[in-house]
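Chemist: Need a 3D model of the sequence below.
(one chain, ligands or ions: 3)
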Amino acid sequence: MITFYFTATGNSLAVAKRIGGNLIAIPQVIDTQNPHYKDDVIGIVFPIYSNAPPKMVRRFLENARLEADYIFAVGTYGNLPGACMFNLQKTATKNGFRFDYTNQILMVDNYLPIFEMDAEIAKLPAKKTEEMNAKIAEDIALRKRNQTPASWGWRIISGILGAIIRTDKNAQKYTVNEECTTCGICAKVCPAKNIAVADKVEFGNHCEACLACAHLCPQNAIHLKKEKSGKRWRNPDVSTTEIINSNNRHRDLP
Ligand SMILES: Cc1cc2nc3c(=O)[nH]c(=O)nc-3n(C[C@H](O)[C@H](O)[C@H](O)COP(=O)(O)O)c2cc1C
Ligand code: SF4
Ligand code: SF4
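Modeler: Numbers count the residues shown, from 1 in each chain. Ligands and ions are numbered 1, 2, ... in the order given. So this is what the prediction gives:
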C-alpha cells in the first residue's frame, strides 16, 4: 500500500500515519517525470483549502498514473469542506481512475486569517477527530467503499470558491519580525521551495498558502498582515522534523 500525503501543520500526516502503508510526501515526488505508481492499494491524504485540494495535490493527481485494486482519498479540514471530496472524483475521472473510497475528517482549522488557534484547540473534543481517524483507518484496512455526498448547493458554492479564491495568489502577505534567528526552518518546511534564508527571510511568488512557515517557525516570527491568532498549531502526533522530511526540497540548505 502506498499512501501519498501533503501536509503543512501535521494533521494530514497524522491521518496518513494512522492509515499506514508506504508514506510518500507529494512535494518529494512532484517533480517526477511521467509518474506511474502501481500497488494493491494507493491512497492520498491532504488538507482541504477553499473547499478544494491544495494546488500541488491537484497537479499531482492530474499528472500521476495510479494503478491499484483499491484507491482512496481522505481530506482533512477545520470547519467547512464543501464539495471538495465530491469534486475530487471529477479530477480522478479526467485522469482515468476512480476513488473507491473518499472521506473527510474534521481537525484543527489552521487558517490563521479566520481562526483563533486556542479556540480551535478547545473545539477538538467536540470534533471527535480521534474516533473518525480510527474509523477511516479501519474502513481502508477492510477495503470498504464510500463516496462523500455533496448537496447541489455546496457543489455550486465550492465551484465558485475554487474559481474566485486563489489562496496561492493571496498568500504572500507575510512579515518577519526581529525575533527571527535566520535558522532556516521556514524554508525547510515550505513544500513549494518558496522561501530563501540567508541574512534575512525572503519569500518567492509561488506560495501554496499552506501556512507551514508561519505555524512552524520556532521563534513565532512570521506573521500574516491580517491574522486572528498569534498562537500557532502543529499536530502533536507529528514532529517538525517529520514535516521538514516531508516538505524540504532545498536539499542543499544547511
Ligand atoms: C489556505 C487554507 C485554506 C483552508 N480552507 C479550508 C476550507 O475551505 N475548509 C475547511 O474546513 N478548512 C480549511 N482550511 C483548514 C485546513 O484544511 C485544516 O486545518 C487541515 O487539517 C490542515 O492540514 P495540515 O495540518 O495537514 O496542513 C484551510 C487551511 C488553509 C491553510
Ligand atoms: S523559521 Fe523563523 S526564525 Fe527561522 S529563519 Fe524562518 S522566520 Fe527566521
Ligand atoms: S511560503 Fe509559507 S505558506 Fe507559502 S508555500 Fe511556503 S510554507 Fe507554505
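Chemist: dump the residue contacts of the residue in the stretch 1-150 of the chain that ligand 3 sits nearest to.
Modeler: Nearest to ligand 3, among the residues of the stretch 1-150 of the chain, is Ala8, at 6.1 Å (Cβ to the nearest ligand atom). Every residue, glycine included, has its C-beta placed from N, CA and C. For Ala8, the residues meeting the contact criterion (Cβ atoms under 8 Å, 6 or more residues apart in numbering) are 47, 110, 189, 191, 210-212, 215, 243, 247.
Chemist: Just the ones of those in helices?
Modeler: 189, 212, 215, 243, 247 (DSSP state H).
Chemist: From those residues, pick the one nearest Ile19.
Modeler: Here the nearest of the ones in helices among the contacts of Ala8 to Ile19, counting by Cβ to Cβ, is Ile243; it sits at 17.7 Å.
Chemist: got the contact list for the spatially closest residue to that closest one that is not a sequence neighbour?
Modeler: With Cβ to Cβ, 6 or more residues apart in numbering as the criterion, Ile243 has its nearest non-adjacent residue at 5.1 Å, and that residue is Val189. Contacts for Val189 were tallied using Cβ under 8 Å, 6+ apart; they are 8, 212-213, 216, 240, 243-244, 247-248.
Chemist: same thing with Glu178?
Modeler: Residues Ala221 are the ones in contact with Glu178 under the rule Cβ under 8 Å, 6+ apart.
Chemist: In which helix or strand does it reside?
Modeler: Secondary structure from DSSP states H and E places Glu178 outside every helix and strand.
Chemist: pLDDT score assigned to it?
Modeler: pLDDT, the model's per-residue confidence, is 97 for Glu178.
Chemist: Next: Lys225.
Modeler: pLDDT at Lys225 comes out at 85.
Chemist: re earlier: which one of the ones in helices among the contacts of Ala8 sits closest to ligand 1?
Modeler: The shortest separation between ligand 1 and any of those is 7.0 Å, and it belongs to Ala212 (by Cβ to the nearest ligand atom).
Chemist: Now the residue nearest to the closest one when sequence neighbours are not counted: which helix or strand?
Modeler: Counting by Cβ to Cβ, 6+ apart, Ala212 lies nearest to Ala8, which is 3.8 Å off, once chain neighbours are set aside. Secondary structure here is read from DSSP H and E; on that basis Ala8 sits in neither a helix nor a strand.
Chemist: Same check on Gln28?
Modeler: Gln28 belongs to helix 26-29, assigned by DSSP H and E.
Chemist: Likewise for Phe72?
Modeler: Taking DSSP H and E as the criterion, Phe72 maps to strand 70-77.
Chemist: How many residues are close by Asn247?
Modeler: By the measure other Cβ atoms under 10 Å, the count of residues near Asn247 is 28.
Chemist: got a list of what it touches?
Modeler: The contact partners of Asn247, by Cβ under 8 Å, 6+ apart, come to 7-8, 25, 27, 188-191, 212.
Chemist: Right, I'll leave it there.
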